[in-house]
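J.: 3D, please:
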Amino acid sequence: MLDTIYKILAFFTSDATADRWFEQIYDNFIKDDRWTWLMKGLWVTIRLTFFAFIFGFLLGLIIAIIRVSHDKRVVMPRQSFLQRLGGIILSILNTICKIYLNIIQGTPTIVQIMIIYFVILASSTNKIGVAILGFTINSSAYVAEIIRGGINGVDQGQMEAGRSLGFGYIPTMIFIIIPQALKSALPALCNELVVLLKETSVASMVALQDLLAAAMLIRGRTANAFLPLIAAAIIYFVIVSILRAISARLERRLNSGDR
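T.: Next comes the predicted model:
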């Protein structure tokens, strides 16, 4: 393998340049199996992205339902005590959700992660768990607005049709409204996943050995920032390209189902 790398370098450059590049590649990736540091960091990044997106999606879905339910609630002239109580609770939950969204969307991701890691959960030793929590909170705020927009884009007649079939409000939302909303919101949700993947790079600021932290560790050992950072950038680019290709394929399949 080393001979192959050297021959490729020598084919495109002079012998002296090939020697210099080969030495840098060896020091950065091959010596002490430093390439495995990038693979371990990549695995941490993938786990962070996956779990943060799943939990963020679920939390964002709940927030979106609360906000839409409040905005579309019809106040009847005469209501029972339970109906009035339900309306008060819904208003309180909607206010909490609005404050939550304003705070999360109005502050940088790195500040949120550092507050959770160094202040709120400073005694925790589970670094990846803390990071997942931080990115979940951050992602849920954006997912909530994406899903809310999708729900608002569904024709009001769909809700009326569900109720006329005997479904309650919640079953109608779950089985009729939300599937249609998610279908229209799929491109934005996929974009949020891509953004979340790239944002996980700030996890290195809380001493988590993700992909960027692995590249910086190699830089610290070799005093060469170019190759490890370029390698990390290429890995991020490949993963983002794969996610976008999957997203495009899903959109085509969903669109073909409408025909």
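J.: residues touching Ser91, list them.
T.: Contacts for Ser91 (CB atoms under 8 Å, 6 or more residues apart in numbering) come out as His70. Every residue, glycine included, has its C-beta placed from N, CA and C.
J.: helix or strand for it, which one?
T.: Using DSSP states H and E, Ser91 sits in helix 81-105.
J.: which stretches of the stretch 1-150 of the chain form helices?
T.: Ranges of helices within the stretch 1-150 of the chain are 2-12, 15-25, 35-71, 81-105, 109-115, 127-152, based on DSSP state H, counting those that start in this stretch.
J.: pLDDT weak spots in the stretch 1-150 of the chain?
T.: Along the stretch 1-150 of the chain, segments meeting pLDDT under 70 span 1-19, 21-22, 74-79, 81.
J.: mind redoing it with 80?
T.: Within the stretch 1-150 of the chain, the ranges that satisfy pLDDT under 80 run 1-26, 72-86.
J.: which of the residues in the helix holding Ser91 are buried?
T.: Across helix 81-105, burial judged by 16 or more other CB atoms under 10 Å covers 93-94, 97, 100-101, 104.
J.: ok, so of the residues you listed, who is nearest Ile63?
T.: For the buried residues of helix 81-105, the closest approach to Ile63 (CB to CB) belongs to Cys97, at 4.9 Å.
J.: show me what contacts that closest one?
T.: 63, 66-67, 144.
J.: what's the farthest-apart pair in those?
T.: Longest span within the contacts of Cys97, CB to CB: Ile66 and Ala144, 8.9 Å.
J.: among the two, which residue is more densely surrounded?
T.: Per other CB atoms under 10 Å, whichever of Ile66 and Ala144 has more neighbours is Ala144, with 27 against 18.
J.: coming back round to it: reformat the contacts of Cys97 as a markdown table; add distance to Arg163.
T.: What follows is those, written out as a markdown table (distance: CB to CB, whole Å):
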| residue | distance to Arg163 |
| --- | --- |
| Ile63 | 23 |
| Ile66 | 19 |
| Arg67 | 20 |
| Ala144 | 24 |
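J.: closest one of these to Gln24?
T.: Ranked by distance to Gln24 (CB to CB), the contacts of Cys97 are led by Ala144 at 46.1 Å.
J.: who's in contact with the closest one?
T.: Each residue near Ala144 by CB under 8 Å, 6+ apart is listed here: 59-61, 63-64, 67, 97, 101.
J.: most widely separated two among the residues you listed?
T.: Greatest spacing in these, by CB to CB: Leu61 and Leu101 (13.7 Å).
J.: now distance to Ile176 too, for the helices of the stretch 1-150 of the chain, in TSV please.
T.: Converted to TSV, the helices of the stretch 1-150 of the chain look like this (distance: least, CB to CB, whole Å):
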stretch	distance to Ile176
helix 2-12	57
helix 15-25	57
helix 35-71	13
helix 81-105	20
helix 109-115	34
helix 127-152	11
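J.: Asp210: which of those is closest?
T.: Evaluated with CB to CB, the helices of the stretch 1-150 of the chain place helix 35-71 nearest to Asp210, the distance being 4.7 Å.
J.: what is the closest one packed up against?
T.: Judged by 3 or more CB pairs under 8 Å, 6 or more residues apart in numbering; DSSP states H and E, helix 35-71 is in contact with helix 81-105, helix 127-152, helix 178-199, helix 211-222, helix 226-258.
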